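1. take this sequence and fold it.
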Amino acid sequence: MAEVVIVGDAAEAGALVAETLADLIAERPDAVLGLATGSTPLTTYRALAETVASRGLDVSRVRGFALDEYVGLPPGHSESYRSVITREVVEPLGLRPDLVHVPNGDPATIVTAGDDYEAEIRRAGGIDVQILGIGRTGHIGFNEPGSSFGSLTRVKTLTEATRRDNARFFDSIDDVPTHCLTQGLGTILRARHLVLLAFSAAKAEAVTRAVEGPLTASVPGSAVQLHPRVSVIVDEDAAARLENADYYRYVWANKPAWQGL
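-> Numbers count the residues shown, from 1 in each chain. Predicted structure coming up:
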């Protein structure tokens with residue numbers, strides 16, 4: 001089963017994950033990070049930037065792969081995930097931009113873009129730690145309900161619910177692209193460690209269905225149950241519906257410190 005860690009707030013979660021990532025970078029300077037976008041991982045990225053600076057870590061060889069990208073938004077658009085990753089991860093951490101990859105959402109090359117991205121991940125030796133959020137529909141990455149557990153990077157059509165959720169980043173929902181290029185569930189499951197973050201009561205149902213519900217394509221996040229090393233880090237509100245919350249707290253409180261996440 002997934003390791004579930006219940007923390008006080010997003011800042012505490014960010015500090016916890018940042019230490020894990022910093023330890024990885026210290027041990028493996030060319031570590032490969034899987035990068036989620038959206039508001040959920042921001043505290044992790046901010047804490048990691050502070051930790052990198054305070055520990056004087058060399059990040060010049062660290063590589064990264066974004067989970068997804070909109071189809072049709074130019075890379076320079078402020079809400080393209082290329083721009084978001086540059087703004088929220090590459091620049092604050094001081095990573096080399098050429099070592100941080102984002103799926104190519106250019107319609108002119110979209111037919112081969114998924115296979116091209118899969119090849120890039122393979123050439124990098126795979127992803128060491130994949131950061132994930134979860135949507136209210138249970139999606140991870142842009143793998144909407146119904147996505148195959150064996151799916152690889154490909155074009156997906158976004159649900160209206162997802163487009164409404166993301167409309168806050170645009171002038172209106174009409175500006176939110178209908179299609180995206182996303183790592184598949186099969187791609188995500190190949191990462192060596194999954195770290196799924198969720199905060200607020202709005203995510204409570206999705207977290208419970210993903211962690212404690214049946215394994216089903218209707219809840220893409222439930223795919224994490226198939227992975228041998230998963231850390232699900234949630235605040236009290238996101239954990240509110242977990243049937244085994246007391247057990248998760250007990251396990252974390254009694255976990256040997258040397259094991260980390």
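2. can you list phi and psi of Asp58 for me?
-> Main-chain torsions, Asp58, degrees, to the nearest 10: phi -90, psi 110.
3. three-state assignment of Leu197?
-> strand (DSSP: H, G, I helix; E, B strand; the rest coil).
4. break down the stretch 1-150 of the chain into its helices, ranges please.
-> Per DSSP state H, counting those that start in this stretch, the stretch 1-150 of the chain carries helices over the ranges 10-27, 42-55, 81-85, 91-93, 110-123.
5. now, of the ones you listed, which is deepest in the fold?
-> For the helices of the stretch 1-150 of the chain, the largest average neighbour count (mean count of other Cβ atoms under 10 Å) is found in helix 81-85, namely a mean of 22. Yep, even glycine has a C-beta here, placed from its N, CA and C like the rest.
6. who touches that helix?
-> 35, 37, 64, 66, 68-70, 75-77, 100, 102-103 (Cβ atoms under 8 Å, 6 or more residues apart in numbering).
7. I'd like to know which of those is nearest to Tyr45.
-> Nearest to Tyr45 among those: Leu35, at 8.4 Å, using Cβ to Cβ.
8. nearest to Val155, out of the helices of the stretch 1-150 of the chain?
-> helix 110-123 (6.3 Å).
9. what is that closest one packed up against?
-> For helix 110-123, the packing partners by 3 or more Cβ pairs under 8 Å, 6 or more residues apart in numbering; DSSP states H and E come out as strand 63-66, strand 154-157, strand 179-182.
10. next one: it to chain centre, how far?
-> Distance of helix 110-123 from the chain centroid (Cα atoms, centre = their mean, to the nearest Å) equals 18 Å.
11. now do stretch 116-132
-> So, by Cα atoms, centre = their mean, the centroid of stretch 116-132 is 13 Å from its chain's centroid.
12. now swap in stretch 153-169 and tell me
-> Relative to its parent chain, stretch 153-169 has a centroid offset of 15 Å by Cα atoms, centre = their mean.
13. what residues sit buried inside that stretch?
-> Across stretch 153-169, burial judged by 16 or more other Cβ atoms under 10 Å covers 153-156, 158-159, 162-163, 165-166.
14. nearest to Arg55, of those?
-> Thr153 (32.9 Å).
15. OK, contacts around that closest one?
-> Thr153 touches 103, 113-115, 117-118, 181-184, 187, counting by Cβ under 8 Å, 6+ apart.
16. how about Glu69?
-> Taking Cβ under 8 Å, 6+ apart, one finds 80-82, 102-105, 180-182 in contact with Glu69.
17. who wins for neighbours among these?
-> With neighbours taken as other Cβ atoms under 10 Å, the top of the contacts of Glu69 is Thr182, carrying 30 neighbours.
18. what bridges to that residue?
-> Per DSSP bridges, the residues bridged to Thr182 are Asp68, Arg154.
19. who are the contact partners of the spatially closest residue to Asp235 that is not a sequence neighbour?
-> Spatially, and ignoring its direct neighbours in sequence, Asp235 is nearest to Phe199 (4.7 Å; Cβ to Cβ, 6 or more residues apart in numbering). With contacts defined as Cβ under 8 Å, 6+ apart, Phe199 is in contact with 9-10, 13, 40, 234-235, 237-238.
20. also Thr40?
-> 10, 133, 197-199.
21. which of those residues sits closest to Arg209?
-> Once Cβ to Cβ is applied, the member of the contacts of Thr40 that ends up nearest Arg209 is Ala198, at 11.5 Å.
22. wait, which of the helices and strands packed on helix 110-123 is closest to Gly56?
-> strand 63-66 (19.9 Å).
23. so what secondary structure elements neighbour the closest one?
-> Using 3+ Cβ pairs under 8 Å, 6+ apart: strand 63-66 touches strand 32-35, helix 81-85, strand 100-101, helix 110-123.
24. picking up where we left off before, what about the contacts of Phe199, which are in strands?
-> 234-235 (DSSP state E).
25. between the contacts of Phe199, which sits nearest Ala206?
-> Ala238 (8.6 Å).
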